[in-house]
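>>> What shape does this take:
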Amino acid sequence: MDIDPTQPWGLAIDFAGRATITEAGHTVYVNVSDSSYNTVIAPDSVTGLYSPVTVTAQFTESGPNAATLRGSGRVTVLPLGTNPVVPDPTAPQQAVAAALANFVDNTAAYTALCAKWTPPDTDPGDGAGDTEPTATATP
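Next up, the predicted model:
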């Protein structure tokens, strides 16, 4: 992912902290949010510290036979001392890279699972295969 130097977080986000980018042929959804329960960015009333900011990136891809694989990545940006979080333009880049790596790992795991779970014949399971038991009626 290329960082846009004109944007504080390295990419253009909307008012809710969301962005959509295309990376490595995938449509990746990025979200930048703080972890407080308050709508106003302010220090926590108990600790006096600002909340960390979480940057997430995620996407799904669908394949044959209703297979769906996901990729997700998450980066947490911590505040420095008692100051609020300073935007880090590399955080979305790291989250997207983590999502892509997670997708590759999930694809490999799914491929390995499918290789172990190959049926003994090519019968789609319609009841007409040679390895399926047949029901017999007894009077």
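>>> what's the burial count for P64?
Applying other Cβ atoms under 10 Å, we find 5 residues neighbouring P64. Any C-beta I mention is one placed from the backbone N, CA and C, and that applies to glycine too.
>>> wait, A67
Neighbours of A67 (other Cβ under 10 Å): 10.
>>> Contact partners for it?
Y110 (Cβ atoms under 8 Å, 6 or more residues apart in numbering).
>>> okay, and for the chain, where does confidence drop off?
36-40, 118-139 (pLDDT under 70).
>>> hey, where'd the strands end up in it?
Along the chain, the segments classed as strands by DSSP state E run 18-23, 26-34, 53-62, 68-77.
>>> In terms of secondary structure, what does the shortest one contact?
For strand 18-23, the elements it packs on are strand 26-34, helix 90-116, judged by 3 or more Cβ pairs under 8 Å, 6 or more residues apart in numbering; DSSP states H and E.
>>> before we move on, the earlier item: which of the strands of the chain sits closest to K116?
The closest of those to K116 is strand 68-77. By Cβ to Cβ, the value is 17.0 Å.
>>> who's in contact with A57?
A57 sits in contact with 28-31, 71-74, 92, 95-96, 98-99, where contact means Cβ under 8 Å, 6+ apart.
>>> Need the buried ones from those residues selected in ChimeraX.
Of these, the buried ones go into a single ChimeraX selection, burial set by 16 or more other Cβ atoms under 10 Å:
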select :28,29,30,31,71,72,73,74,92,95,96,98,99
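>>> thinking again about what came up before, need the strands of the chain in CSV with distance to Y110, can you?
CSV is the format used below for the strands of the chain (distance: least, Cβ to Cβ, whole Å):
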stretch, distance to Y110
strand 18-23, 20
strand 26-34, 16
strand 53-62, 11
strand 68-77, 6
